[in-house]
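Undergrad: below are the sequence and a predicted model for it; my questions follow.
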Amino acid sequence: MRISETVHAENRYTVDSPFYRVNFWEQASPPRGWMLDAYILSEVEDLTEVYQWIEENARGRRFELFVEMQEEPLGPFTSPRTSDLIRLLGRNPNVGESVHIATFVPI
């Protein structure tokens, strides 16, 4: 980690209540890939509230926490969100892992 002192910043734009994305990861049984449950948290007071919600809902699962970079309205579950994300905590356990998906047998 590198730490550098800086002067006060004058923001061009501030979002007082950004949307947060929480990805919970669970592995049914190794060596299978990890399954994802994703959530959007909105109308959040601060990160303390987000982290408390994660602790109450993780049930032992790994998690990732992101903040969305663009304001995007909430839509139906079937509509993927397109905002870029900034990772705040955690990591995707599938990254860099080779997973056996299927074996094809000639007929």
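TA: That came in fine, so what should we check first? Since we're looking at a predicted model, the values are computed, not measured.

Undergrad: what does stretch 10-18 rub up against?
TA: Contacts of stretch 10-18 with the rest of the structure, by CB atoms under 8 Å, 6 or more residues apart in numbering, involve 42, 43, 44, 45, 67, 68, 71. All C-beta spots, glycine's among them, are computed from the backbone N, C-alpha and C.

Undergrad: try 10 Å this time
TA: Stretch 10-18 is contacted by residues 41-46, 66-71, 83, 86 when judged by CB atoms under 10 Å, 6 or more residues apart in numbering.

Undergrad: now the buried members of these.
TA: 41, 44, 66, 67, 68, 83 (16 or more other CB atoms under 10 Å).

Undergrad: of those residues, closest to residue 22?
TA: For the buried ones among the contacts of stretch 10-18, the residue nearest residue 22 by CB to CB is residue 41; the value is 6.4 Å.

Undergrad: so what pairs up with the residue nearest to the closest one when sequence neighbours are not counted in the strands?
TA: Residue nearest to residue 41 in three dimensions, not counting chain neighbours: residue 20, with 4.4 Å by CB to CB, 6 or more residues apart in numbering. Note on residue 20: beta-bridge partners residue 41, residue 67, judged by DSSP bridges.

Undergrad: all helices of the protein, in order?
TA: For the chain, the helices defined by DSSP state H cover 47-57.

Undergrad: any stretches of it with poor pLDDT?
TA: For the chain, applying pLDDT under 70 flags the ranges 31, 97-103.

Undergrad: what do you get if the cut-off is 90, keeping everything else the same?
TA: 3-17, 27-35, 70-82, 92-107 (pLDDT under 90).

Undergrad: number of residues surrounding residue 27?
TA: By other CB atoms under 10 Å, the residues close to residue 27 number 14.

Undergrad: sorry, slip of the keys, the one I care about is residue 24.
TA: Count around residue 24 with other CB under 10 Å applied: 20.

Undergrad: what is the burial count for residue 52?
TA: By other CB under 10 Å, 10 other residues sit near residue 52.

Undergrad: how many residues are close by residue 2?
TA: The tally of other residues near residue 2 (other CB under 10 Å) stands at 3.

Undergrad: now do residue 57
TA: Applying other CB under 10 Å, we find 13 residues neighbouring residue 57.
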